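Visitor: next comes the sequence, and after it the predicted model I'd like to discuss.
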Amino acid sequence: MKKLYIKGEELFEKATDYCFIVNQDGLILDVNPSAVEKFNISREELLNKPIVELLSAVSRENFKKVFHNSIKEKKASSIEAELLNTSSENVNVSISIFKLNGKGENALYFVSARDISEQRRAQLQLLRFANAIHYTVNPIEITDVEGKIIYVNPSFEKVTGYTKQELLGKNPNILNSGRQPKEFWKNVWETILKGKVWTGEIENKTKNGNIINERLLISPIIDPSGKLIGFLGIHNDLTEQKKLENELARVSAYMAAILDDSTDAIIGLDCDFNIRSWNKGAEKIYGYKAEEIIGKNFSVLVPPDLIKSGELDFLNEEFRKKGFIRNYETERLTKDGRRITIEMTRTLVKDSGGNIIGSSAIVRDVTEIKKLKRQISHAEKLSVVGQLAAGIAHEVGNPLTSISSIVQVIQRTTNDTFAIEKLELVKNQINRIARTIRELVDFSRPSNYEIRQTDVNKVLQDAVNIVRYGKKSRDINFVLELSDKIPKITLVQDQIIQVFINILLNAVDAMDGKPGEIKVKSELYGNNIKIHFIDKGKGIPDEIKSKIFEPFFTTKKVGEGTGLGLWVSYGIVKNFGGDIDFESQVGKGSTFTISLPIT
C-alpha cells in the first residue's frame, strides 16, 4: 500500500494535467506543479482557495452543480469548462471529479483539468469549414478514395437536379455528358491519385439532360498520416458565362471585320480615355499592335509639348460641351517616336440605356498630304524667287560692282586711318551682298554644269574632306558608312557636292563647337540611293521645322549665314528628281536624308 501511495503521489506531481485535491466544500488542499505553473501564482496562494474561483464566470454554476452531484451520488463526474488564465485568454478544459477517501467532512476529492483548447479550436474550424461548404453557392461534392459520393451540398443538388439520396454512393460519372474523351478523365485520375490538385473546364449533364459548362477543381483529401482518404470537388457553373462569351465573340468578330477593313484608325476609348479597341488601321498609322496599346491611356500618343500646352484639356472640354469633335487637325506620336499630322473626329459611345460608356475616335494620317501641299507651296515659292533672283542680279549687281570699285579706289588713295577702317567695313558688307546675289543667280540661272555619271560615295568623301578641315570641325569625328552597292548615277557633280557641303556645315554648326560625331551613310533603297547625315547636335525646335527650306530663313547670327544654303540644296535635289527630308529632336540631334533616283 505504501508503494502504491508513493506511486500515486509521483503521478500527481508529474502529471501534465492540472490536478487538485479538494474537500467537500471545494477548497483546494493540494495542487500539482502543472497547475501552479499554469495560473502563474504560488502554491501557497492556491491552497485553501475555492476551486470554483479558478473558473470563468460562465462555468462556475455548472461546476458547482456537477461537483455536488458527484458528492451526493458518490460517483465520478466530468464536465467541460473554462479556466481563468491571467497571462492570456481563458483555457478550455475537460474536468474529471472522483472521490479519493474519507467520509463526511473528512472526504477528499481528486479534480483534474485537461487542456482541450486546441481540440476546441480544431472543432470550431471544422464547423466553419463545414458551414462554408454547405452554404456556398458553388456545387461541392466529397467522394471516398474509390470515387463514391459521400457528401453533396444543396447547391450541387440545385444545379444537377439530383437529390442527395440519389447521389450518395454513386460515382460522379453519373453527370458525364460524354463530351470529354476517356483520355481526358484518365489524365484527371492520374493527377489526383498522385495527391495533386486538378482544375479545368468540363461539360456535365444534369438529371433532365441539359448540358452545363463548369470549371471543376478536384483536391485530394489527406489524413494526418499522409494517407489519401478521398476527394473534394468544387464546381463553378460557367453556362451563362459561356453563352455571353460566345455572343460577345460573335459580335466582336462581326465588328472587327468591319473595323479592320478601314484604312483609318478607329480607336475605342473608355470614360477615362483608356484605349479599349484598336483596329488594323490604327496599327498601320501608329505602329503599335493592339496587344501593346490596349489598356493604355490615349495620352501616350500625344507629344509632350502638346500635353504641356493644354491641348488635351482643351479637347476634353470641347468634347464635354458638344459631345463630338470633327476634323480636328493636330500632331500625334508613333511607336518609333515620329510626329505625324492627323485629322481626328471623335464621338460619344452610349450603351442601350443611354449611359455614356466612352467614345470613339476616327483618325486619318494626313502627314503625306500636308507634306505634298508644302512641297507644292515650296515649288511655287522657288519659281517666284527664281524669277526675282534674276531681276535682283541685274538691278543690284551692276550698281554694286560700281560701288565696290569706288571703295577700292578710295582705299588706295587715302591716308585717313578712320576712313580706311570704315571703308573696309563697307567692303565686307558689299562682299556679303555679292555672295548672296551669286547664290541666287546660281540657283535661278539654267545649269551650265556638265551632267555625267557620278560616283556618289566619292563625292561624299570629297565633301567630308573639305568640311573636316574647317576651324569649327577640329573636335568632330566624321564617320563614313558607305554601301559598296551604290551604282553611279547621272547628275551634276559640282552641284551635288555643294548640297552635301551645305548639309555637313549645318551639322557642324549644330554641334556648337562641342566634341562629337557626325555620321554619313549611304544605302541602296529600292530604285533610290539614300544618303543620311546624322549629328548629335542641338536639334531643330518643332516651331521652325516647317521653315528651314524657305529662302533667307536662318537661325545663325547676322553675318554668319544667308539662309539660302538649304533652300538652294532643296532646289538642286528636286531638279535631279530626288527628295530631301529630315527628322530632329531638340537636345538629341538631327538626321537629314537625301533620296536620289537611280534612273
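Guide: Noted; the coordinates are in hand.

Visitor: okay, and the beta partners of residue 347?
Guide: Applying DSSP bridges to residue 347 gives these bridge partners: residue 324, residue 360.

Visitor: run a quick neighbour tally on it.
Guide: As a burial measure, residue 347 scores 15 neighbours (other Cβ atoms under 10 Å). All C-beta atoms are positioned from the backbone trio N, CA, C, and that covers glycine.

Visitor: list the contacts for it?
Guide: Neighbour list for residue 347: 323, 324, 359, 360 [criterion: Cβ atoms under 8 Å, 6 or more residues apart in numbering].

Visitor: top of these by neighbour count?
Guide: residue 359 (21 neighbours).

Visitor: thinking again about what came up before, closest one to residue 307 out of the contacts of residue 347, please.
Guide: residue 359 (18.3 Å; Cβ to Cβ).

Visitor: count of neighbours near the spatially closest residue to the closest one that is not a sequence neighbour?
Guide: Setting aside the residues directly before and after it, residue 359 is nearest to residue 269 in space (Cβ to Cβ, 6 or more residues apart in numbering), at 4.9 Å. Other residues within reach of residue 269, judged by other Cβ under 10 Å, total 19.

Visitor: any idea how far residue 269 lies from residue 342?
Guide: Residue 269 sits 15 Å away from residue 342, going by Cβ to Cβ, to the nearest Å.

Visitor: again with residue 211
Guide: With Cβ to Cβ as the criterion, residue 211 and residue 342 are 50 Å apart.

Visitor: tell me which of the two has more neighbours.
Guide: Between residue 211 and residue 342, counting by other Cβ under 10 Å, residue 342 is the more crowded of the two (22 against 12).

Visitor: list the contacts for the more buried one?
Guide: 285, 329, 330, 331, 332, 363, 364, 365, 366, 367.

Visitor: which of those fall within strands?
Guide: Judged by DSSP state E, the contacts of residue 342 include 329, 330, 331, 332, 363, 364, 365 as members of strands.

Visitor: and those residues, which are buried?
Guide: 331, 332, 363, 364, 365 (16 or more other Cβ atoms under 10 Å).

Visitor: TSV for those, including distance to residue 52 and pLDDT?
Guide: Below are these laid out as TSV (distance: Cβ to Cβ, whole Å; pLDDT from 0 to 100):
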residue	distance to residue 52	pLDDT
331	88	90
332	84	91
363	85	91
364	91	89
365	90	87
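
Visitor: ok, which pair from those is furthest apart?
Guide: Checking these with Cβ to Cβ, the most distant pair is 331 and 364, at 13.3 Å.

Visitor: you'd agree residue 546 is in a helix?
Guide: Yes: looking at residue 546 with DSSP: H, G, I helix; E, B strand; the rest coil, it is inside a helix.

Visitor: that one and residue 96, how far apart?
Guide: With Cβ to Cβ as the criterion, residue 546 and residue 96 are 99 Å apart.

Visitor: so the two - more neighbours on which side?
Guide: residue 96 (17 against 12).

Visitor: next SSE after the strand or helix carrying that one?
Guide: Residue 96 belongs to strand 91-101 when assigned by DSSP states H and E. Following strand 91-101 in sequence order, the next helix or strand is strand 108-115 (DSSP H and E).

Visitor: tell me what angle the helix or strand following that following strand forms with strand 91-101.
Guide: Of the helices and strands lying after strand 108-115 in sequence (DSSP H and E), the nearest is helix 117-135. Interaxial angle, helix 117-135 versus strand 91-101 (axes from the mean of the first three to the mean of the last three Cα atoms, to 10 degrees): 130 degrees.

Visitor: what segments of the stretch 351-500 of the chain are strands?
Guide: Here the stretch 351-500 of the chain has its strands, by DSSP state E, counting those that start in this stretch, at 356-365, 451-454, 476-482, 489-492.

Visitor: could I get those as CSV with distance to residue 206?
Guide: Output for the strands of the stretch 351-500 of the chain, formatted as CSV (distance: least, Cβ to Cβ, whole Å):
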stretch, distance to residue 206
strand 356-365, 36
strand 451-454, 84
strand 476-482, 72
strand 489-492, 79
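
Visitor: which residues touch residue 423?
Guide: With Cβ under 8 Å, 6+ apart, residue 423 has these contacts: 407, 410, 411, 414.

Visitor: check what pLDDT the third one gets.
Guide: Turning to residue 411, the model gives it a pLDDT of 76.

Visitor: hmm, back to that, pull out the buried positions in the strand holding residue 96.
Guide: 91, 92, 93, 94, 95, 96, 97, 99.

Visitor: now do stretch 23-31
Guide: 23, 24, 26, 28, 30, 31.

Visitor: again with stretch 401-412
Guide: Within stretch 401-412, judged by 16+ other Cβ under 10 Å, the buried ones are 404, 407.

Visitor: quick one: distance of that stretch to the chain centre.
Guide: Offset of stretch 401-412 from its chain centre (Cα atoms, centre = their mean, to the nearest Å): 73 Å.

Visitor: can I get that stretch as CSV, trimmed to CA atoms?
Guide: Provided in CSV are the C-alpha atoms of stretch 401-412 (Å, rounded to 0.1, in the frame of the first residue of the first chain):
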residue,chain,number,x,y,z
THR,A,401,30.1,96.4,-108.8
SER,A,402,30.5,100.2,-109.3
ILE,A,403,30.3,100.8,-105.5
SER,A,404,32.9,98.1,-104.9
SER,A,405,35.3,99.7,-107.4
ILE,A,406,34.9,103.2,-105.9
VAL,A,407,35.6,101.8,-102.4
GLN,A,408,38.8,100.1,-103.6
VAL,A,409,40.0,103.3,-105.3
ILE,A,410,39.4,105.4,-102.2
GLN,A,411,41.2,102.8,-100.1
ARG,A,412,44.3,103.1,-102.3
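
Visitor: ok, back up a step: who's in contact with the strand holding residue 96?
Guide: 18, 21, 38, 63, 66-67, 70-71, 74-83, 85, 107-117, 119-120.

Visitor: again with stretch 136-151
Guide: 133, 152-153, 155-156, 158-160, 167-172, 221, 228-237.

Visitor: same question for stretch 477-488.
Guide: With Cβ under 8 Å, 6+ apart as the test, stretch 477-488 has contacts from 453-457, 460-461, 464, 467-468, 515-524, 529, 598.
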